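Participant: got a predicted model here, sequence first, then my questions.
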Amino acid sequence: MTVATPAARRFWLRPKWVVGHVLVVVLVVAFVNLGFWQLRRLDEKRAVNAAIEARSSLPLRPVEDVVDPAAGFGDVDDLVYRRVSARGTYDPAASVLVRSRSLDGRPGFHVLTPLVTGQATALVVNRGFAPFTAESAEALAATRPPSGEVEVTGLLFSTQEREGIGPTDPAEGVLREISRVDLARLQAQYGADVYPLYLQLSAQVPAPAGALPIVLPEPEQSEGNHLSYAVQWFVFAAIGAGGWPLLLRNTARERRRPTAAPPPVSVGSTSSPVAQPTNNGASVGP
């Protein structure tokens, strides 16, 4: 005789199993969305790479022929990654360090120095990387630009803005360290007009006399790991979507497996009675 209760057949409706259903659905949806998010990141990276390739390969031109000095900081994004040249004189007293930067695993600063051009407008130049020092004055002294006229070439970049919960800089005063290349903030403390884009230095004539700052590498054009991450998230989603129903099926199969009923208790057995002990411990027969 077998035993199979309706409750056993509907085990998946029990509260702990319902919680499991909800949790699996939430995780699968989350994994799928994370996969598509990585694909969107991949598309963005490919678009940036295409822009770098297309714009940086254009002929080198003077910055004044490419950028309107009177343009707003947010109106020149289509000029980012253009390769330009500029001639002028550095203003070392206005150099500023961008903190929390790194190069080849070393912490340090990016060194920004205005280049005063013949257009009465300064071009902020990211001259490169300087290793971390406890005092900003020490890093500025080690990266002092050359005097006299120089010609610089490099790529144009747009002003940087605070994202999310990123650090902030004081709105007033003259800063020697800032958290990002905020051209509006630099112009406010510099007291003169600056170009709405800054230049990341690639080469300079005459060449710098010292070893610092170290010229930064040009933007990397790899696609990163976004595609592999997307595949991983989709695999996780497939495991959850396929594994949970399989677990339910196997559990239901185990619960439907026949189980032997306990043996019935016989009434009126004809077997010989068991001998009962007497008071003195002796057995007495029938």
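Facilitator: Looks like it arrived, so ask away.

Participant: where along the protein do the helices fall?
Facilitator: For the chain, the helices defined by DSSP state H occupy 6-9, 15-56, 63-66, 136-142, 183-190, 226-256.

Participant: what about the strands in the stretch 101-250 of the chain?
Facilitator: In the stretch 101-250 of the chain, strands defined by DSSP state E, counting those that start in this stretch lie at 106-117, 122-131, 149-158, 177-178, 197-205, listed in chain order.

Participant: what is the mean pLDDT for the longest one?
Facilitator: So the one you mean is strand 106-117. For strand 106-117, mean pLDDT rounds to 93.

Participant: next one: the second one
Facilitator: The average pLDDT for strand 122-131 rounds to 93.

Participant: helices and strands around it, which ones?
Facilitator: With contacts defined as 3 or more C-beta pairs under 8 Å, 6 or more residues apart in numbering; DSSP states H and E, strand 122-131 has these neighbours: strand 83-90, strand 96-103, strand 106-117, helix 136-142, strand 149-158, helix 183-190, strand 197-205. To be clear about C-beta, it is placed using only N, CA and C from the backbone, and glycine gets the same treatment.

Participant: okay, the angle between it and strand 149-158?
Facilitator: Counting by axes from the mean of the first three to the mean of the last three C-alpha atoms, to 10 degrees, strand 122-131 lies at 90 degrees to strand 149-158.

Participant: angle of strand 122-131 against strand 106-117?
Facilitator: 160 degrees.

Participant: mind giving me the domain split of this structure?
Facilitator: Following automatic domain parsing, the chain resolves into domains at 1-57+226-260, 59-205.

Participant: in TSV: the helices of the chain, plus mean neighbour count, mean pLDDT and distance to residue 209.
Facilitator: Formatted as TSV, the helices of the chain follow (neighbours: other C-beta atoms under 10 Å; pLDDT from 0 to 100; distance: least, C-beta to C-beta, whole Å):
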stretch	mean neighbour count	mean pLDDT	distance to residue 209
helix 6-9	10	55	85
helix 15-56	14	87	28
helix 63-66	18	90	24
helix 136-142	16	88	12
helix 183-190	18	88	25
helix 226-256	14	84	42
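
Participant: of those helices, which is nearest residue 168?
Facilitator: Among the helices of the chain, the nearest to residue 168 by C-beta to C-beta is helix 183-190 (10.2 Å).

Participant: show residues contacting the closest one.
Facilitator: With C-beta atoms under 8 Å, 6 or more residues apart in numbering as the test, helix 183-190 has contacts from 73, 94, 96, 112, 114, 122, 124, 159, 169, 171, 173-175, 178, 193-198.

Participant: try 7 Å
Facilitator: 73, 94, 96, 114, 122, 124, 159, 169, 174-175, 178, 193-194, 196, 198 (C-beta atoms under 7 Å, 6 or more residues apart in numbering).

Participant: and stretch 68-76, by the same measure?
Facilitator: 67, 119, 121, 158, 159, 183, 184, 193, 195, 196, 197.

Participant: buried residues, it. List them.
Facilitator: The neighbour-count criterion (16 or more other C-beta atoms under 10 Å) identifies 69, 73, 76 as the buried residues of stretch 68-76.

Participant: gap between the two ends of it?
Facilitator: With C-alpha to C-alpha, to the nearest Å applied, stretch 68-76 spans 9 Å between its terminal residues.

Participant: for that stretch, give the mean pLDDT please.
Facilitator: Mean predicted confidence for stretch 68-76 is 81.

Participant: rewinding a little: residue 234 is nearest to which of the strands of the stretch 101-250 of the chain?
Facilitator: Across the strands of the stretch 101-250 of the chain, closest to residue 234 is strand 149-158 (C-beta to C-beta), at 34.0 Å.

Participant: okay, the closest one in PDB with CA atoms only?
Facilitator: What follows is strand 149-158 as a C-alpha-only set of coordinates in PDB (Å, rounded to 0.1, in the frame of the first residue of the first chain):
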ATOM      1  CA  GLU A 149      57.900  80.400 -25.900                       C
ATOM      2  CA  VAL A 150      57.100  76.800 -26.500                       C
ATOM      3  CA  GLU A 151      55.000  74.900 -29.100                       C
ATOM      4  CA  VAL A 152      52.800  72.100 -27.900                       C
ATOM      5  CA  THR A 153      50.800  69.400 -29.600                       C
ATOM      6  CA  GLY A 154      48.300  67.000 -28.200                       C
ATOM      7  CA  LEU A 155      44.600  66.000 -28.100                       C
ATOM      8  CA  LEU A 156      41.700  68.100 -27.000                       C
ATOM      9  CA  PHE A 157      39.500  67.000 -24.100                       C
ATOM     10  CA  SER A 158      36.300  68.500 -22.600                       C
END
